[in-house]
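Visitor: could you work out the structure for the sequence below:
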Amino acid sequence: MTEATTTIQNATGIHARPASVFVQKASSFKSKVQIKAKGKTVDAKSILMIMSMGLSKGTEITLVADGPDEADAVAQLKALVDSKFGEA
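Guide: Residues are numbered from 1 along each chain as shown. Coordinates of the predicted model:
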């Protein structure tokens, strides 16, 4: 199992577009991928689960992956969050 912690930097938090981008990226990995935040753990391949977390700017999240490409999954998903999903 591999995990990394980062903080949401997007001014509007994780709304529909970044959540969709995140799910697409997470779904490209064979590993089981989860997001932990606010005392909850959800499937990172489910847009509904991610949206239900209400991830706002400044929220600390932990990305967890378990499987054959777990290190790559965590590294790429953390980089995606850290890049603000390409938003200004």
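
Visitor: tell me who's in contact with residue 75.
Guide: When contacts are counted by Cβ atoms under 8 Å, 6 or more residues apart in numbering, residue 75 touches residue 4. Every residue, glycine included, has its C-beta placed from N, CA and C.

Visitor: that one is in what secondary structure piece?
Guide: Assigning secondary structure by DSSP states H and E places residue 75 in helix 70-82.

Visitor: one more: residue 62?
Guide: Secondary structure (DSSP H and E) places residue 62 in strand 60-66.

Visitor: any idea how many residues pack against the closest residue in space to residue 1 that isn't next to it in sequence?
Guide: Leaving aside its chain neighbours, residue 1 sits nearest to residue 66 (4.6 Å; criterion: Cβ to Cβ, 6 or more residues apart in numbering). Residue 66 has 14 neighbours, counted by other Cβ atoms under 10 Å.

Visitor: pretty sure residue 66 sits against residue 29.
Guide: No. With contacts counted by Cβ atoms under 8 Å, residue 66 stays clear of residue 29, the gap being 10.6 Å.

Visitor: what about residue 57, which SS state?
Guide: State at residue 57, reduced to three classes by DSSP: H, G, I helix; E, B strand; the rest coil: coil.

Visitor: roughly how far does it sit from residue 7?
Guide: Taking Cβ to Cβ, to the nearest Å as the measure, residue 57 falls 9 Å from residue 7.

Visitor: hey, what's in contact with both of these two?
Guide: Where contact means Cβ under 8 Å, 6+ apart, no residue is in contact with each of residue 57 and residue 7.

Visitor: residue 68 touches residue 2, doesn't it?
Guide: No. Using Cβ under 8 Å, residue 68 is not in contact with residue 2, being 11.3 Å away.
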